[in-house]
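1. I would like to see how this sequence folds:
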Amino acid sequence: MSSETNIYNMKNQNKKNIYQKLHAACIKAGGVKKADKVSGMRFNPLLHDAVQETATQALLDQGLYVTCNYLTETVESRNMVMCVCTMRVHDIDDPKSFIIVDGCSALGKMDQFGTGNAMSYSRKYAFLNLLNLKTGIKDESGYEPTSFEKNSPEQSVEEPTYLDDEVNVEDIIKDISDTTTSRQLSAVKDLVRDQVMYLKKNNLKAFEQVMKHTREHEVKLNNNQQ
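-> Just a heads-up that it's a prediction; the model follows:
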């Protein structure tokens, strides 16, 4: 067997498939730093450009390229436009190999900026779901990302948290989970009511997830108190 053949075989043996590349991109990307608060905003926003920059670079470093298709429809009852992003991840070393992230959606106002905003939001959520990007603020020192363990045999199959620029969905779910009595749960629900109503109007995916988690936790509390 010639040396050229040996080199060719070694290259093929070391070649990663698209799932191995995606796993490597997930580990390398780690997380995204939230932006500083601005006047009138309660939480540090998670900007689309920051998510796209982090995710795109991590994917390109692994030989993966992303394209997106968008389906938009008007939600007349809310005077808003909904955009659903279908993201396709291509393996540039194997053009027939790809992965699809489907169903990431966002709502935008019914104005000249609404469709563009909804497209950006839905694309951001698709990137977050694709790479399981972590977000967070730790004390005053800024963001400290934590990547998945490199030797982890499998990734979590739990439903990802749908994020929002205006409302900290993760904090709401945590506050609900931390309650140990129905009375405490009722108090937390009163505290976050305005934020949940905002999600209902502007981010249906996040709203449905908060409501689902609240119902499940409420059933758990009721069962424990019987």
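2. Which helix or which strand is home to the most centrally placed residue in the chain?
-> Geometric centre of the chain, nearest residue: Leu128, 3.1 Å, by Cα atoms, centre = their mean. Per DSSP states H and E, Leu128 falls inside helix 114-131.
3. Show me which residues of that helix are buried.
-> Neighbour counts over helix 114-131 (16 or more other Cβ atoms under 10 Å) mark 114-115, 117-131 as buried. No exception for glycine: its C-beta is placed from N, CA and C like everyone else's.
4. Next: stretch 95-103.
-> Across stretch 95-103, burial judged by 16+ other Cβ under 10 Å covers Ile99, Val101.
5. Repeat that for stretch 80-91.
-> For stretch 80-91, burial by neighbour count (16+ other Cβ under 10 Å) applies to Met80, Val81, Met82, Cys83, Val84, Cys85, Thr86, Met87, Val89, His90, Asp91.
6. Sort out for me which of the residues you listed are in strands.
-> Met80, Val81, Met82, Cys83, Val84, Cys85, Thr86, Met87, Val89, His90, Asp91 (DSSP state E).
7. gap between the closest residue to the fourth one other than its chain neighbours and Tyr125?
-> I take that to be Cys83. Leaving aside its sequence neighbours, Cys83 sits nearest to Ala118 (Cβ to Cβ, 6 or more residues apart in numbering; 3.6 Å). Ala118 sits 11 Å away from Tyr125, taking Cβ to Cβ, to the nearest Å as the criterion.
8. Tell me the residues that contact both of the two, please.
-> Ala106 (Cβ atoms under 8 Å, 6 or more residues apart in numbering).
9. Can you check the pLDDT for the closest residue to Phe127 other than its chain neighbours?
-> Leaving aside its sequence neighbours, Phe127 sits nearest to Ala55 (Cβ to Cβ, 6+ apart; 4.0 Å). The confidence metric pLDDT takes the value 92 at Ala55.
10. thought Ala55 was touching Leu130?
-> Yes - counting by Cβ atoms under 8 Å, Leu130 is a contact partner of Ala55 at 7.0 Å.
11. for the chain, which spans come out with low pLDDT?
-> Residue ranges of the chain with pLDDT under 70: 1-14, 37-43, 136-165, 225-226.
12. in it, which spans are helices?
-> 3-14, 18-29, 48-61, 114-131, 169-177, 182-191, 193-202, 204-224 (DSSP state H).
13. which residues touch the third one?
-> Counting contacts by Cβ under 8 Å, 6+ apart, the residues outside helix 48-61 that touch it are 25-26, 28-29, 31-33, 35, 65-66, 89, 120-121, 123-124, 127-128, 130-131, 133.
14. could you dump it to PDB, C-alpha only?
-> Extracted C-alpha coordinates of helix 48-61, given in PDB (Å, rounded to 0.1, in the frame of the first residue of the first chain):
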ATOM      1  CA  HIS A  48     -29.100  39.000  18.800                       C
ATOM      2  CA  ASP A  49     -25.800  40.200  17.400                       C
ATOM      3  CA  ALA A  50     -23.800  38.800  20.400                       C
ATOM      4  CA  VAL A  51     -25.600  35.400  20.100                       C
ATOM      5  CA  GLN A  52     -25.000  35.200  16.300                       C
ATOM      6  CA  GLU A  53     -21.300  36.200  16.600                       C
ATOM      7  CA  THR A  54     -20.600  33.600  19.200                       C
ATOM      8  CA  ALA A  55     -22.600  30.800  17.500                       C
ATOM      9  CA  THR A  56     -21.400  31.500  14.000                       C
ATOM     10  CA  GLN A  57     -17.700  31.600  14.900                       C
ATOM     11  CA  ALA A  58     -18.000  28.300  16.900                       C
ATOM     12  CA  LEU A  59     -19.800  26.600  13.900                       C
ATOM     13  CA  LEU A  60     -17.400  28.000  11.300                       C
ATOM     14  CA  ASP A  61     -14.400  26.700  13.300                       C
END
